[in-house]
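Undergrad: Build me a structure from this.
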Amino acid sequence: MSELGAVREILETLVGFDTTSRHSNLALIEWVEAYLDGHGVPHRRAPNADGTKSNLLATVGPAIEGGAVLSGHTDVVPVDGQPWTSDPFAIVERDGRLYGRGTCDMKGFLALALAAVPDLVAANPRRPVHLAFSYDEEIGCLGAPDLIEVIGRELPRPAFVVVGEPTDMVAVNGHKGIATFHVTVNGREAHSSQTQQGVSAVMEAVKLMASLSELAERLEREADPASPFTPKGATLTIGIVHGGTAHNILARECGFVFDLRTPPPLDPQVLLAPFFAQARALDAALKARAPEAGVVVEMHSSVPAFAPEPDGAAESFARRLAGDNGPPRAVAFATEAGQFQRAGFSTVLCGPGSIEQAHQPDEYVEIAQMERGQAFMRRLVEWAAAAG
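TA: Next up is the predicted model:
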């Protein structure tokens, strides 16, 4: 198996690409393609609509059923305004940790998978290993559906999907789903002393936000005490609010963004049905006061929950490779695992690092975690080379 030095070299290269979700990931994809070409590994892109970003799918081994998919995203969250003590896009080693944006979430896993490629090729595998790298996971798992569609249409059916999100290199068999919504309230500007002449978008938006706050409190109260998640129930948070121009002007516009995270089998559409009805009623009431006023609710993304599987084929596979004999585990954050599962693939989460380090300033992955990940990949190579 490759020395950790090779893994680190690849990780340094991947971190050096600023693939914050607002940017293109094509420079990173092109580098990975060149790397795969150097080892004779076939690959194909699954780009977005305008070609500014792309998924990448590659296969090492024969074109037969029963392979393993290693899935991971290439994008990272922003570093804007975070108090980093080193360059976020350069690896710095301190105290047994590798610091840099994406080291934990989740370029560390991508580096492990890519570093295993030469050994997989040399092993002349009898079962295929597929690399599935996606874009825009951090803003709603937007790239993975197209990649999953290509896998379902073009590949002999894989047996397992391992999503390498940071789980401390142990198997995780469930996560919450997430749905994100953008709400825009339009009003009519007027002097704040003449409320009869206008509509304050801010004042009307507050009514909607108050309802969401009440729903969040109810969901917390009604959480199943036996839930494996932390926190146990569905959570709803308003993350962005903007609107208004001055204290003495009735606001023309107010917008806010919220997300709802639901454990299986809760349905976000059902939970939000009363809110949607309130928004429609408010929209009609505002239009009656000013034709240009109203309410628009747009769903930005919807990622399904990931539920424990009755047979747990992928979970058993990952546990064997990770040397994991611990109890069943679930996490609150969302990934493309639910999308793979919905498409009928047995799926598991297992990757290096902890979610507690993800999205933080001075994000890091422990070298010990990368070494455990390397052992996982070594066993993956042995599995691929073995008879079915």
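
Undergrad: Going along the chain, name the strands of the stretch 51-200 of the chain.
TA: With DSSP state E, counting those that start in this stretch applied, the stretch 51-200 of the chain shows strands at 54-60, 68-73, 92-94, 97-99, 129-134, 160-163, 177-186, listed in chain order.

Undergrad: Output the ones you listed as CSV; include the columns mean pLDDT and distance to residue 283.
TA: (Each C-beta comes from the backbone N, C-alpha and C, glycine too.) As requested, these are arranged in CSV below (pLDDT from 0 to 100; distance: least, CB to CB, whole Å):
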stretch, mean pLDDT, distance to residue 283
strand 54-60, 98, 37
strand 68-73, 98, 36
strand 92-94, 96, 51
strand 97-99, 97, 48
strand 129-134, 98, 36
strand 160-163, 98, 39
strand 177-186, 97, 9
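
Undergrad: so which of these is the most packed in?
TA: strand 160-163 (a mean of 28; mean count of other CB atoms under 10 Å).

Undergrad: what sits up against it?
TA: Residues from elsewhere that reach strand 160-163 (CB atoms under 8 Å, 6 or more residues apart in numbering): 67-72, 132, 313-314, 317-318, 335-337, 340, 345-351.

Undergrad: What about those residues, which are in helices?
TA: When the contacts of strand 160-163 are checked against helices using DSSP state H, the ones located there are 313-314, 317-318, 337, 340.

Undergrad: Whichever of the residues you listed end up buried, select them in ChimeraX.
TA: One line in ChimeraX is enough to select the buried members of the ones in helices among the contacts of strand 160-163, burial here meaning 16 or more other CB atoms under 10 Å:
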select :314,317,318,337,340
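
Undergrad: and residue 26, what does it touch?
TA: By CB under 8 Å, 6+ apart, the residues touching residue 26 are 52-54.

Undergrad: Identify, from those residues, the entry nearest to residue 264.
TA: For residue 264, the closest of the contacts of residue 26 turns out to be residue 53, at 29.3 Å, with distances computed as CB to CB.

Undergrad: Same question for stretch 319-339: list its buried residues.
TA: Buried residues in stretch 319-339, defined by neighbour count with 16+ other CB under 10 Å: 319, 321-322, 324, 329-331, 333-339.

Undergrad: start to end distance for that stretch?
TA: Looking at stretch 319-339, the gap from its leading to its trailing residue is 21 Å under the measure CA to CA, to the nearest Å.

Undergrad: Just give me the neighbour total for residue 344.
TA: Applying other CB atoms under 10 Å, we find 10 other residues in the vicinity of residue 344.

Undergrad: Now do the same contact list for it.
TA: Residue 344 makes contact with residue 152, according to CB under 8 Å, 6+ apart.

Undergrad: From residue 168, how far out is it?
TA: The gap separating residue 344 from residue 168 is 28 Å, by CB to CB, to the nearest Å.

Undergrad: With residue 19 instead?
TA: Distance from residue 19 to residue 168, counting by CB to CB: 24 Å.

Undergrad: More neighbours: the two, which one.
TA: Between residue 19 and residue 168, residue 19 has the larger neighbour count (other CB under 10 Å), namely 27 against 19.

Undergrad: quick one on the thing from earlier: what about the strands of the stretch 51-200 of the chain, which gets the closest to residue 4?
TA: When the strands of the stretch 51-200 of the chain are ranked by proximity to residue 4, the top entry is strand 97-99, at 10.2 Å, counting by CB to CB.

Undergrad: Right, I'll leave it there.
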